[in-house]
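Visitor: Dropping a prediction and its sequence here:
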Amino acid sequence: MSNEVEELQTQITQLEERVIELEQRLNGDEEPEATEGIREFVESFNPSSHTERALSVAYYLESYRGKETFDVADIEEGYRECRVKPASNMSDVLGRMEGRDWLLRDGTDGQTQLWRLTATALKTVEEEINNGA
């Protein structure tokens, strides 16, 4: 009898998890599922500069992790996940991205500058994806 109770409890737990997942999908709360990890995504662009690498990291964070805004630390963490040494001054890299109309300032979190990708940046990355990056 004890095995039957344990089996029923396991089934109930599995069903509860499934219901939660389905509710999240219906509510639009579920993050898009990445078909590849950040490292594979970034390297598929074969970035030739920190500016290009940071752009692909930022795009991944926004598109696959649902981060509407990000800061320097988020980009540096993306570099670490890619197993690539971050630029010595990542703020300069983001400044160059802003100069190319790839980033815009989106407020602050305390003293930390928050950034967001521009439509130009999204278009740039999406064109690369469509061209087989």
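Guide: Thanks, I have the structure now.
Visitor: Thr118: how many residues sit nearby?
Guide: Neighbours of Thr118 under the rule other C-beta atoms under 10 Å: 16. In short, each C-beta sits where N, CA and C put it, glycine included.
Visitor: which residues sit in contact with it?
Guide: Asp101, Trp102, Leu103, Leu104 (C-beta atoms under 8 Å, 6 or more residues apart in numbering).
Visitor: In a markdown table: those residues, plus secondary structure, neighbour count and distance to Glu40.
Guide: Below are the contacts of Thr118 laid out as a markdown table (DSSP: H, G, I helix; E, B strand; the rest coil; neighbours: other C-beta atoms under 10 Å; distance: C-beta to C-beta, whole Å):
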| residue | secondary structure | neighbour count | distance to Glu40 |
| --- | --- | --- | --- |
| Asp101 | coil | 12 | 27 |
| Trp102 | coil | 24 | 22 |
| Leu103 | strand | 24 | 23 |
| Leu104 | strand | 14 | 28 |
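Visitor: right, and out of those residues, which lies closest to Asp71?
Guide: Nearest to Asp71 among these: Leu103, at 11.3 Å, using C-beta to C-beta.
Visitor: Cool, thanks, signing off.
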